[in-house]
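In: have a look; sequence and predicted model below, questions after that.
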Amino acid sequence: GIARSTLFGPVVRKEAVQAMLLLAAWSTSGWLPSGHAMRMALDLGLHRALEKLADTNPAKRRSLEEERDLVISARIWLCLYWFDHQMSLGTGRPIVLRDETSVRHCRILLNHQFSSPSDLRLVAQVELIAQKTQIYETLSPLNGNVNHATLSFIRRANVALDKWWSDCDALHRETMDEESLLRKILMGELYYAKLWLVCVALRGTSWDKMPFEQRELAFQAKEAASNCLNTFLTSQAYRAALRYAVHDSLVTAAFSALFLLKIANLFPGEVELPSIISQVEQLTQLLSEVAAERYALTLRLMLANLRRKLGLGTSMPTPAGAAATAAAAAAAAASAAALGGTMDESGMQMGGMMVDPSQQQQQQQQQQQQQQQQLFGEAGFNMMMEEFGFGWPLEGGTIAPAAIPSWLQETNFTDLGLPINGSDDIFLNGPQWMTDLGGPLPEAW
């Protein structure tokens, strides 16, 4: 209703802008509503609010109501600025809002008489996205070409990110304890920004062609991803608040987990596999509990693939696994009966024709390989839903290889860089994926 009434008609209230922004924030496809909200805000002149607040000319004295109205306008504009940049960096689309002067006075809100506790969080987000924008515009054109100048820039960027966190955390510390939700989110965003920095730098670079410097960057990013997950998973406040999280917050946690799984796939002997698997499983369960199945299912898919490659068992028995075991036992018993014998408790044939244990082991291995081929297909990802612990109502449902995002395809497993289309190339999404499983995934937004 709001979109229809404001698309071709005049915008008269700021509440319409706020409503469109809320719609964009709690949607997995918020690009269009956020763009409409931005133009509505421009039409209302909200982009001038901070500049007016910074003008302390006595000749332009404002009433308390006018001052309060400007503060509200400034908050809305800062939210739009952050969201536009975050959507662009997260999806690979060009940044629409390029007027940096409209947010340069954002810290005015922190000491204003109408300041609120959430202003600190808002200002921190705006300052961080400004740094990430500079990082992206510097590193993205290099297409993974990391030289000494690039490494120097990455070091400076890490120092700048640490300073951002130190300054903002000092302000948070004045009114919040160490376990508060906003301070935990701030810490998690620092680690994720460091992970994201390296992934932008390594875009298009394969691990098997990495020189020593790039390999070191990859393991620095692994530490950042692990710290990011650990920060969130050990915070009860964060776990409780996740069910209200916007798309960007879910991507922060889920992408960190996916990066760890990629590193584990590429360097299984150089990482702590039990720790990585435990972290990812905890996050997967948490995402399922808050109806974020798009992200949880992607993680289950990668976990199952990692276990298959490394010969690890599933973390818990699944209906599919139990059925396969029962079917194998029945087939073995039938074979034994046909040969005039029986099976003992260990599965060895008793009576009739004796079977060489080594030959039986070889046959079992061949059967396992055939089962894996049926489950994973030629592309490595034609999987039964129950294989990775997800009960789906569609009987016999599978995930076809075409539905797997490009960044997760076997052919791109060596690419540790951030894909050009951002989250669209990382998480399960799109009409084909929804059709294959009988409808869209349940979501909380």
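Out: Sure, I can see it. All values derive from a computational prediction rather than experimental measurement.

In: residue 139 versus residue 81, what's the distance?
Out: Separation of residue 81 from residue 139 (Cβ to Cβ, to the nearest Å): 22 Å. Yep, even glycine has a C-beta here, placed from its N, CA and C like the rest.

In: residue ranges with poor pLDDT in the stretch 151-300 of the chain?
Out: Low-confidence regions of the stretch 151-300 of the chain, defined by pLDDT under 70, span residues 207-208.

In: an error on my part: the question was meant for the stretch 1-150 of the chain.
Out: Going by pLDDT under 70, which is the cut-off in play, the stretch 1-150 of the chain has low-confidence ranges at 1-9, 28.

In: show me where it has its helices.
Out: Along the stretch 1-150 of the chain, counting by DSSP state H, counting those that start in this stretch, helices occupy 2-7, 14-25, 31-44, 49-54, 64-91, 118-139, 148-173.

In: residue 105 - how many residues pack around it?
Out: Other residues lying near residue 105 total 16 when counted by other Cβ atoms under 10 Å.

In: who's in contact with it?
Out: Counting by Cβ atoms under 8 Å, 6 or more residues apart in numbering, residue 105 touches 50-51, 53-54.

In: can you pull up the most central residue in this protein?
Out: Nearest residue to the geometric centre of the chain (Cα atoms, centre = their mean): residue 251, 2.5 Å.

In: check which helix or strand covers that one.
Out: With the criterion set as DSSP states H and E, the secondary-structure element containing residue 251 is helix 247-266.

In: tabulate the CA atom coordinates of that helix in PDB.
Out: Listed next in PDB are the C-alpha coordinates belonging to helix 247-266 (Å, rounded to 0.1, in the frame of the first residue of the first chain):
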ATOM      1  CA  HIS A 247      19.500 -10.400   6.500                       C
ATOM      2  CA  ASP A 248      22.900  -8.700   6.900                       C
ATOM      3  CA  SER A 249      23.400 -10.000  10.400                       C
ATOM      4  CA  LEU A 250      22.500 -13.600   9.300                       C
ATOM      5  CA  VAL A 251      25.000 -13.300   6.400                       C
ATOM      6  CA  THR A 252      27.800 -12.200   8.800                       C
ATOM      7  CA  ALA A 253      27.500 -15.400  10.800                       C
ATOM      8  CA  ALA A 254      26.700 -17.800   8.000                       C
ATOM      9  CA  PHE A 255      29.500 -16.600   5.600                       C
ATOM     10  CA  SER A 256      32.000 -16.900   8.400                       C
ATOM     11  CA  ALA A 257      31.000 -20.500   8.900                       C
ATOM     12  CA  LEU A 258      31.100 -21.200   5.100                       C
ATOM     13  CA  PHE A 259      34.600 -19.700   4.900                       C
ATOM     14  CA  LEU A 260      35.800 -22.000   7.700                       C
ATOM     15  CA  LEU A 261      34.400 -25.000   5.800                       C
ATOM     16  CA  LYS A 262      36.100 -24.000   2.600                       C
ATOM     17  CA  ILE A 263      39.400 -23.700   4.500                       C
ATOM     18  CA  ALA A 264      38.800 -27.100   6.100                       C
ATOM     19  CA  ASN A 265      38.200 -28.600   2.600                       C
ATOM     20  CA  LEU A 266      41.400 -27.100   1.200                       C
END
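
In: helices along the stretch 151-300 of the chain, start to end?
Out: Using DSSP H, counting those that start in this stretch, the helices of the stretch 151-300 of the chain run over 181-201, 212-233, 236-241, 247-266, 273-289, 293-310.

In: against which helices or strands is the last one packed?
Out: Taking 3 or more Cβ pairs under 8 Å, 6 or more residues apart in numbering; DSSP states H and E as the contact definition, the neighbouring helices and strands of helix 293-310 are helix 247-266, helix 273-289, helix 357-376.

In: what angle sits between the first one and helix 64-91?
Out: Relative orientation of helix 247-266 and helix 64-91, computed by axes from the mean of the first three to the mean of the last three Cα atoms, to 10 degrees: 30 degrees.

In: can I get the helices of the stretch 151-300 of the chain in TSV with distance to residue 415?
Out: Conversion of the helices of the stretch 151-300 of the chain to TSV gives the following (distance: least, Cβ to Cβ, whole Å):
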stretch	distance to residue 415
helix 181-201	10
helix 212-233	11
helix 236-241	30
helix 247-266	8
helix 273-289	19
helix 293-310	14
